[in-house]
Every structure is written in C-alpha cells, then in structure tokens.
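Student: just a sequence and a predicted model for now, questions to come.
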Number of protein chains: 2
Amino acid sequence: MIIDCHGHYTTAPKALEEWRNRQIAGINDPATMPKLSDLRISDDELRASIEQNQLRVMRERGSDLTIFSPRASFMAHHIGDFNVSAAWSAICNELIYRISRLFPDDFIGAAMLPQSPGVDLKSCIPELKKCLEEYGFVAINLNPDPSGAHWKEPPLTDRHWYPIYEKMVEYDVPAMIHVSTSCNPCFHTTGAHYLNADTTAFMQCVTGDLFKDFPTLKFVIPHGGGAVPYHWGRFRGLAQELKKPVLQEHLLGNIFFDTCVYHQPGIDLLTRVIPVDNILFASEMIGAVRGIDPTTGHHYDDTRRYVEAAAIEPEERRKIYESNARRVYPRLDAALKAKGR
Amino acid sequence: MIIDCHGHYTTAPKALEEWRNRQIAGINDPATMPKLSDLRISDDELRASIEQNQLRVMRERGSDLTIFSPRASFMAHHIGDFNVSAAWSAICNELIYRISRLFPDDFIGAAMLPQSPGVDLKSCIPELKKCLEEYGFVAINLNPDPSGAHWKEPPLTDRHWYPIYEKMVEYDVPAMIHVSTSCNPCFHTTGAHYLNADTTAFMQCVTGDLFKDFPTLKFVIPHGGGAVPYHWGRFRGLAQELKKPVLQEHLLGNIFFDTCVYHQPGIDLLTRVIPVDNILFASEMIGAVRGIDPTTGHHYDDTRRYVEAAAIEPEERRKIYESNARRVYPRLDAALKAKGR
C-alpha cells in the first residue's frame, strides 16, 4: 500500500474561489459578506474535480491513499481577522470531509486551522476538535507564519504554540508545518517561502527543547525538509555548537520529512542522509510543479519514480510508502485497520 | 592552485567589536560616538589574528588564496542609519585591505557595502570605488536584506539595485549575495537566514529577467546555493511554469554556487546536479560551523576533503578550485597574472 501524506485540494470548483473573493471583499464592506450557506458545490462537482485530477493521477502512478487537506496557498491566514479565517477554514475543511466520504478508500483528511496573526491559538481548538472528532481527520496543517512571509509570530518552540501542541498530543495527531501564500514580494510562494519555512521550522527545533516538553509531538516537514538534508552536516555542526544532543536523539524521534523533492538526485540525497524511518512518501500533486520534466519525460511531481529508483532495500521502501505513515499518523492506522487494510 | 572564494574576517582583535559597540551606543548618545581614528589595531595584532587562524587552516588544508571580506554576521546593516553603516564599512574594509597587504599572496579583498534599509544604493558607490580602485579588491558582498531578516527591500531584480549592478559591470566584479545577522527571532542567523537568503535570491532571479539587462553581471550564491541544488527539479519546473528559458540558459551564465556544504552527500549532490563550470571552491572558515564532525574526525568546514572525494574528473576539480574563480573574478585573475601566478 502506498500512502501519500501530502495532498491539497488544489482543484476545487471555481465556486470556492468566488466565495473567498466575496469574503475578502466583505472585510471592507460587511453588508456583502457571504454566509457559509452561500457556497453551493454539489457532490457531482466534487467528484468530478477529484476523479479527473488527483484520483486519476493516483491511479496512474499507483498510490492508494492521500492524506488530503485544503489548498495550502489559499489558506492565506494573513487576510482579515480570526472570524474571516474561521469561516474560511470551516468551508475548506468541510469540503475535505465531503471528499473523504465520497472517496473513503482514497482520501482521508488533514485540517487547516483558522489561524490569524497575533491571535491566541486556543481560538483554533474548536475547529481542530470538529475535524478530528466529527470529520475523522488524522492530522493538521500548522502554519508557522500566518503573517504571509513577514514572520511575525514567535518560533515554534515558544509557548504561544502550546495550546495546539497539547491538543495534538491528546489526539495523537501530527502537524505538517506548512506555510501559505507569500504576500512579501521578496519571496516567491512555492519557490522560496515554502522551502525557507521548512528550513526555518527545523532550525527553530534545533535551537529549542520543544520535544522535552512534548515527547510524543510529531512534526512532518514537507518539501523534503527544505534545505535541511542537503545541509545535514551544517545542522549537525550547529547542534554541536549549541551543545544539543546529536540530531538523531534531539529531533528525529519527532520530526519527519516528506519526499516532495522533484528530481532523482534530491531523493537520492534524502534517502542517503536521513534515516529511512523519518521519511514519508508524498508528492504534493497536483501542486506547485505540474509540468513534465523534459529530461525524463515524466511529471516532476511523480515522486514515486524517484523512490523506486533510489538505492534502498525493498523493506526500506515499504517503510517510506506505508509503515512510517501508519506510525506517524496513528489515527490513520486505526482507520485503515478498522477497514481491514 | 586552490582559491577559496568565501572567507570572512571572523577573528579580528577584540578592539574591533569594542569600537562597534561604542558606535552602536553612540547612535542614541551622539556625544560618545567614536571616531574612525579611535580604532587602533597594530599590524602585529592583525598578523597574529590571521596567522593563528585562517592562514594556519589554509596551510593545513592546502588552499592557497582566500577572497576575504568583513565578517558577514557583523555587517548588521539594520543598525543605525547610512552614516553608521558608512563608518563601519570603512573600518571593516580597511582592515581587510591591511590584511591583503600583510599577506599579499594569501588574501585578496571583497568589499562590504555601507547599505542601510531604504537608502538609495548610489550611496554605496564611493566605498565600492575606494575598495576596487585603491584597495585592489576583486568582488563585493551584496546584502539582499539589509533589514536583518525582515525582508523589506525589493527583490534583487528591481531597479532599486541597478546602481550597484552598473558599477559591478563597469568594474567587472561579481557580488556574493550574502545576508548578515538576523534580528528576527524566527530565523537563526547561520542555520536559517543564510540558507533562506540563498534560496530566495536564486528564486528572485528565476522569476525576473535581470540578466537580460545586465548580460555580464555575476552573482555568487554562497552556502552551496541554499536549498537550490537539492530542489533543482522544483526550480527547473517552476521556471518552466513561468515560461522562462531552461535554467542553464536563463541563469547559469550569471549565477555560481560555492562549496560551503559541510558533509560529503551535500557536495556529491552539488557536483552531480550543477554544471561544474558554475561551482566555486569555498569553505567559509573560520565561520559558522567550527567543530569536528564525529562521524569523520575532520572539521565540518574542511570542504576540500569533500571536493577531493567527489566523483568528478581531475580537470573538473581544477575548475572548481581555480579556473572558475579566475573567470568569475577577472580582477583576481589579473592580480594573479601580474605576479606570474
């Protein structure tokens, strides 16, 4: 079985974006603010948006189940206040829930949180609970920078974030540390901000001692860990300078990297440097890089091809494809076992 | 001959830091602002600070010449106004000049610029001209984020930066794109901000068309290019989505990566992915990562060992060590040839 731990609903019907645009317009003109019930997307529309896109590609490439969350770049937590984020999260998470009901063997949800810059994270807990208890989601996405690339929140090791961590531990769900769109012209969203955030989050964990306070907390750092595996020697050396334990002890009980690295040499480095127990299969399709690589004739984001070609043992490949995900996402494992999978 | 294109004067006598601290105190108390002439460091002190440190390590490791610039993390362009940066740059560059005179076979200078957030870059030209014309420097360091990790300047492709580029082209000197210390608690300086800046600068160049305006402009992106080589497939795919030429044509006539990657798998990836003509030997010693790697018994920043062990041909290694640097830094090549080297 192949579990893709990193998929976003990037192919939603146009009505979703139109609702969001009306919502954004409503921030300055409250009389026009749309209601949640104004969004109408039929099951047939949802089905078509998935069957022609993610599900088609999953079948072509042979992956079996995607941990599916709202479109990352559209979270845009910097827009409006908490109430704006709360309504938008509720809408986006509900669509994920409906997809997970329409395609129960193929998709399982991960929640977007209604984060808003400077707002106490306790405000996110009702949505989080709803997604885990009512929607059967198995993970959350946590945005370390809800300002949209202005980086105004404290580091992930700060107590600011602890209300979320307490719930993650209570429900035994991991967080993918995933930023949203950049509204800082210095940073291209998918070419700079995403990768920078991955590197930044990891280094915040190197400098802190977060996992002493939360020994069972789990973070998935997407996009192959940003710059981290390529600079693994630098991070090992910096941890040493900071008098921290070796990274294996300090962080690798709690931090996992996905395989969203879009060429063979990158995946080869990842599997050479990072212990196989800390690597989770993912492709983030249909996402930032949708084209066909002219040097291979295959899609850049067809990461299964790179994992198949990596110099690892079959048992290691099975860990990357399935058993690591079952360990890191215990609620996913439970849901699969309940179906005899 | 082995040219290390990335060295900073990280081992200056304490008097330098004390002068800087007095200068910073003087920002709010102008009566106490030190004069340039208040800094007194003798040639013997300079000699000792180099002989016991960088020069010792160069001899141990067998590198012959270092392109040497003021300490990157101390540039701190966010502190004070232009006049503060101008005095601090003048002091730091003069020390580099004196070192290059004391050790003319071992060190040649690269200039720190007196950048200051929001200030027109024309203000940096007198210091730049002095360093190139009077001090014999062969390159500059350009800070894409003088705010200190708040990222408030426009991207490097913006006309804001053109006054510097015009002078770089006129004098035929490259710029190393190098940020300074982070004053944003989200970003560890050497573990996040440096690498993020490298990735960000590259992606700014992907999205723009800077090298159409300046076909001979050259950027050196340090720290092995941040996350770029590891995610080369992503960047190729993003360039394709943006309808840009392939990266080889779009950027690799103008952008070069150094070898400051502190483990063997990283250098192996770099030399596998990036054309050898775009790789310049560097170690950034004595710098961010000073320890000994317990897995090898050698210093993390002893990058020559990794380049020696990389699966490349001897002629390719010679390019990385010497001939690429002579091509990218024409004034260095001229200075060496004038001495029969």
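Tutor: Noted; the coordinates are in hand. Residues are numbered from 1 along each chain as shown, chains lettered A, B, ... in the order given.
Student: tell me the pLDDT of the closest residue to A:L55 other than its chain neighbours.
Tutor: Of all residues not flanking A:L55 in the chain, A:D106 sits nearest, at 5.9 Å (C-beta to C-beta, 6 or more residues apart in numbering or on different chains). Bear in mind the C-beta positions are built from the backbone N, C-alpha and C, glycine included. We have a pLDDT of 98 for A:D106.
Student: would you mind measuring from A:D106 to A:D213?
Tutor: Using C-beta to C-beta, to the nearest Å, A:D106 is found at 36 Å from A:D213.
Student: contacts only, for the residue nearest to the spatial centre of chain A.
Tutor: Nearest to the centroid of the C-alpha atoms of chain A, with distances taken as C-alpha atoms, centre = their mean, sits A:M176, at 4.1 Å. The contact partners of A:M176, by C-beta atoms under 8 Å, 6 or more residues apart in numbering or on different chains, come to A:5-6, A:69, A:110, A:139-142, A:219-222, A:258.
Student: quick one: buried ones out of these?
Tutor: A:5-6, A:69, A:110, A:139-142, A:219-222, A:258 (16 or more other C-beta atoms under 10 Å in any protein chain shown).
Student: burial count for A:V138?
Tutor: 28 (other C-beta atoms under 10 Å in any protein chain shown).
Student: give me phi/psi at it?
Tutor: Note on A:V138: its backbone torsions stand at phi -120, psi 0 [degrees, to the nearest 10].
Student: what's the answer for A:R59, then?
Tutor: Backbone dihedrals for A:R59, given as degrees, to the nearest 10, come out at phi -70, psi -40.
Student: that one: what's it in contact with?
Tutor: By C-beta under 8 Å, 6+ apart, the contact set of A:R59 is empty.
Student: state the distance from it to chain B.
Tutor: Distance, A:R59 to chain B, using C-beta to the nearest C-beta, to the nearest Å: 22 Å.
Student: hang on, the earlier thing: also near chain B: which of the buried ones among the contacts of A:M176, exactly?
Tutor: When C-beta under 8 Å from any C-beta of the partner chain is taken as the criterion, no member of the buried ones among the contacts of A:M176 contacts chain B.
Student: the residues you listed into JSON lines, with extra columns for pLDDT and secondary structure?
Tutor: As requested, the buried ones among the contacts of A:M176 are exported to JSON lines (pLDDT from 0 to 100; DSSP: H, G, I helix; E, B strand; the rest coil):
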{"residue": "A:C5", "pLDDT": "98", "secondary structure": "strand"}
{"residue": "A:H6", "pLDDT": "98", "secondary structure": "strand"}
{"residue": "A:S69", "pLDDT": "98", "secondary structure": "strand"}
{"residue": "A:A110", "pLDDT": "98", "secondary structure": "strand"}
{"residue": "A:A139", "pLDDT": "98", "secondary structure": "strand"}
{"residue": "A:I140", "pLDDT": "98", "secondary structure": "strand"}
{"residue": "A:N141", "pLDDT": "98", "secondary structure": "strand"}
{"residue": "A:L142", "pLDDT": "98", "secondary structure": "strand"}
{"residue": "A:F219", "pLDDT": "99", "secondary structure": "strand"}
{"residue": "A:V220", "pLDDT": "98", "secondary structure": "strand"}
{"residue": "A:I221", "pLDDT": "98", "secondary structure": "strand"}
{"residue": "A:P222", "pLDDT": "98", "secondary structure": "coil"}
{"residue": "A:D258", "pLDDT": "98", "secondary structure": "strand"}
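Student: longest helix anywhere in chain A?
Tutor: helix A:82-102 (DSSP state H).
Student: got JSON lines for the buried ones among the contacts of A:M176, with distance to B:F281 too?
Tutor: Supplementary listing: those in JSON lines, determined by distance: C-beta to C-beta, whole Å:
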{"residue": "A:C5", "distance to B:F281": "39"}
{"residue": "A:H6", "distance to B:F281": "36"}
{"residue": "A:S69", "distance to B:F281": "43"}
{"residue": "A:A110", "distance to B:F281": "44"}
{"residue": "A:A139", "distance to B:F281": "43"}
{"residue": "A:I140", "distance to B:F281": "44"}
{"residue": "A:N141", "distance to B:F281": "41"}
{"residue": "A:L142", "distance to B:F281": "40"}
{"residue": "A:F219", "distance to B:F281": "35"}
{"residue": "A:V220", "distance to B:F281": "36"}
{"residue": "A:I221", "distance to B:F281": "30"}
{"residue": "A:P222", "distance to B:F281": "33"}
{"residue": "A:D258", "distance to B:F281": "33"}
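Student: nearest to B:S73, of the residues you listed?
Tutor: Nearest to B:S73 among these, counting by C-beta to C-beta, is A:I221 at 25.3 Å.
Student: list the contacts for the closest one?
Tutor: Counted by C-beta under 8 Å, 6+ apart, A:I221 has contacts A:M176, A:I177, A:D198, A:A201, A:F202, A:V228, A:I255, A:F256, A:F257, A:D258.
Student: ok, it to chain B distance?
Tutor: 12 Å.
Student: just grab the bridge partners of that residue for me.
Tutor: Beta-bridge pairing of A:I221 under DSSP bridges involves A:F257.
Student: looking at the stretch 101-250 of chain A, which residue is nearest chain B?
Tutor: A:G233 (2.8 Å; C-beta to the nearest C-beta).
Student: ok, which pair from the contacts of A:I221 is furthest apart?
Tutor: Pairwise distances across the contacts of A:I221 peak at 14.9 Å for A:M176 and A:V228 (criterion: C-beta to C-beta).
Student: got the phi and psi for the residue nearest to A:L55?
Tutor: Taking degrees, to the nearest 10 as the convention, A:D106 sits at phi -110, psi -30.
Student: more neighbours, A:D106 and A:D213?
Tutor: Per other C-beta under 10 Å, whichever of A:D106 and A:D213 has more neighbours is A:D106, with 19 against 14.
Student: now do the same contact list for that one.
Tutor: By C-beta under 8 Å, 6+ apart, A:D106 lies in contact with A:L55, A:M58, A:D64, A:L65, A:T66.
Student: how far away is it from B:S123?
Tutor: Between A:D106 and B:S123 the computed distance is 59 Å (C-beta to C-beta).
Student: ok, which stretches of the stretch 151-300 of chain A are helices?
Tutor: With DSSP state H, counting those that start in this stretch, the ranges of helices along the stretch 151-300 of chain A come out as A:162-171, A:194-207, A:210-213, A:232-241, A:247-250, A:264-273.
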